[in-house]
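Engineer: Could you look at this predicted model? Sequence included:
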Protein chains: 2
Amino acid sequence: MSDLTLPIASFSPLYEQIKAMILASLQASEWLPGDAIPSEMELAARYAVSQGTVRKAIDELAAQNLLVRRQGKGTFVATHQEDDWQYRFLRLAPDSGEKFHLTNQFLSCEKTKASAYVANLLKLKAGDPIIHIDRVQSFAGKPIVFEEIFLPGVRFKGLDLEALHAWHGPVYAFYEGHYATHMVRAEEKIKAVAADEVLSKHLHLKEGAPLLSVERVAFTYGNKPVEIRHARYDTLEQHYENKLN
Amino acid sequence: MSDLTLPIASFSPLYEQIKAMILASLQASEWLPGDAIPSEMELAARYAVSQGTVRKAIDELAAQNLLVRRQGKGTFVATHQEDDWQYRFLRLAPDSGEKFHLTNQFLSCEKTKASAYVANLLKLKAGDPIIHIDRVQSFAGKPIVFEEIFLPGVRFKGLDLEALHAWHGPVYAFYEGHYATHMVRAEEKIKAVAADEVLSKHLHLKEGAPLLSVERVAFTYGNKPVEIRHARYDTLEQHYENKLN
DNA sequence: CAGTGGTCTAGACCACTTC
DNA sequence: AAGTGGTCTAGACCACTGC
């Protein structure tokens, strides 16, 4: 506390710099989701370092789920289009433990203007163009999830209900394919709330029934927030699962 | 699917074996939480491998939060007694973003027998001895958390209200100090529920008010479940926070 | 200054995938 | 057989801590 000299970037190891360069290539779409990046030996030559140093950089990016290593094949840019990654961010699971396939129904997709609240989370200005999507997801015929999605209108220009209806698969795969936007990580804030009139109608519940409110902000490369998702889960026969380490 | 030959331990790298040996030492309490383990060079000599191989083993254990590296000082066994780790498993945070200090009040601590449900989660038999603790936690004078804790009676022999009242600090630090039990990881299942009579009384709410139900199973070394904790959070002015990668 | 963890290298070799 | 990621080594040197 007595020493106010800030050691800003006092020392930056080589592999950190290489990590930053790989990250820059990802952010610049030099390598696209699903693509293989150059081999470790090639990268070592390109950056004039040893294989071990490149490995350490890739190791950390793989640990953050930005890259995926496949022995004998290569190192690939992570994508939500792979089967195992389709539900990477979904933490809802049935109490019974059986497998879980949600059917999806988009209700609306409208162009509006950002409220102060949404603008703040997406790092926009209040009044900036926004796309607002409503959807319901069902399991075994019962509606379980009501979700509102907010997207920045500039990045997702032209998105409409027709395009969504034509798509069959996870929304994050849709973003990758149509808007070159890969979601890297997300933050969620969870509360218990009472169902209001709208929610009770969509989820076939009584007004006042307890629901899980999950508000997510999802980020692309460079910590850029590009989606807000406010979900309400009916947790009567399913739960939100979390692991603490 | 056509090939049923199971490649069980078909190949196990050296560092995995060393990881297992370090893990065994931790599990056997050869090194206690807070202690420094031998230096990388010493371990390399002990196991007759190079420093790099020991490093890789330690790296992975540190990534799982079992060990903590401190440059220039050594490598230490993780502990819940360190300031930064006191609330390692607490995901509740105030909406306002201010810092959060919960005051703790233990209500009861009774010896009972395990229900089939609790026994199953703790890998005991129904009817085995169990310790059942109730507590309330408050923030700024308002009761916010009601928690039931279930512990195996054998491991936590002699635990009573008096001992709990005498303790000031996180419960997991108490377990470490008094019962040589360090919590390594936990799994939580979250639901939204309505406050019943008991809950509404403890948390000063109306019956039927929505609450977050968080059921946690906590594990020591060797994936051994040793605590069940069923919490109910009032999420009116606070939320459960989660990061998805 | 000695001891600790942290970085980096060059080279050898292993395991896995593909052709 | 060639190419990829994965393991392991021996040795040099750097950064940080504490005596």
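Structural biologist: Noted; the coordinates are in hand.

Engineer: C-alpha from now on. contacts and neighbour counts both.
Structural biologist: Will do.

Engineer: How is chain A partitioned into domains?
Structural biologist: Chain A breaks down by automatic domain parsing into domains covering A:14-77, A:83-240.

Engineer: mind listing what the residue lying closest to A:Tyr15 once chain neighbours are set aside touches?
Structural biologist: Take A:Tyr15 and drop its neighbours on the chain: the residue closest to it by CA to CA, 6 or more residues apart in numbering or on different chains is A:Ala57, 5.1 Å away. Shown in contact with A:Ala57 (CA atoms under 8 Å, 6 or more residues apart in numbering or on different chains): A:15-16, A:18-19.

Engineer: for A:Ile130, same thing?
Structural biologist: Per CA under 8 Å, 6+ apart, neighbours of A:Ile130: A:111-114, A:150-154.

Engineer: Report the secondary structure state of the most centrally placed residue in chain A.
Structural biologist: Chain A has A:Met183 as the residue nearest its centroid, 3.9 Å off, counting by CA atoms, centre = their mean. On the three-state scheme (DSSP: H, G, I helix; E, B strand; the rest coil), A:Met183 is labelled coil.

Engineer: Could you verify my assumption that A:Ile58 touches A:Leu66?
Structural biologist: No: using CA atoms under 8 Å, A:Ile58 is not in contact with A:Leu66; the gap is 9.2 Å.

Engineer: Quick one: the strands in chain A, in order.
Structural biologist: For chain A, strands defined by DSSP state E occupy the ranges A:36-37, A:67-70, A:74-77, A:92-94, A:103-113, A:129-139, A:142-152, A:185-194, A:210-220, A:224-233, A:238-244.

Engineer: Which of those strands sits closest to B:Pro143?
Structural biologist: Closest approach to B:Pro143 among the strands of chain A is made by strand A:185-194 (16.2 Å; CA to CA).

Engineer: what about the closest one and chain B, touching?
Structural biologist: Yes: Strand A:185-194 reaches chain B (CA under 8 Å from any CA of the partner chain) through A:185-194.

Engineer: before we move on, the earlier item: check the gap between the residue nearest to the centre of chain A and A:Ala57 for me.
Structural biologist: Computed as CA to CA, to the nearest Å, the A:Met183 to A:Ala57 distance reads 21 Å.

Engineer: Also A:Leu236?
Structural biologist: For A:Leu236, the distance to A:Ala57 - CA to CA - is 44 Å.

Engineer: Once you drop chain neighbours, what's closest to A:Gln64?
Structural biologist: Once flanking residues are discounted, A:Gln64 sits nearest to B:Asn245: 6.7 Å by CA to CA, 6+ apart.

Engineer: same question but for A:Ala186, I mixed them up
Structural biologist: A:Ala218 (4.2 Å).

Engineer: mind checking pLDDT for that neighbour?
Structural biologist: According to the prediction, A:Ala218 has pLDDT 98.

Engineer: Next up, the contacts around it.
Structural biologist: Here A:Ala218 is in contact with A:183-187, A:225-228 (CA under 8 Å, 6+ apart).

Engineer: repeat for A:Val118
Structural biologist: Applying CA under 8 Å, 6+ apart to A:Val118 gives the contacts A:126, A:150, A:228.

Engineer: nearest spatial neighbour of the closest residue to DNA strand C within chain A, skipping sequence neighbours?
Structural biologist: Chain A approaches DNA strand C most closely through A:Leu14 (2.8 Å), counting by CA to the nearest atom of the strand. Of all residues not flanking A:Leu14 in the chain, A:Thr53 sits nearest, at 7.3 Å (CA to CA, 6+ apart).

Engineer: so how far is A:Ala78 from the residue nearest to A:Tyr15?
Structural biologist: Plainly put, A:Ala57 is 16 Å away from A:Ala78 if you go by CA to CA.
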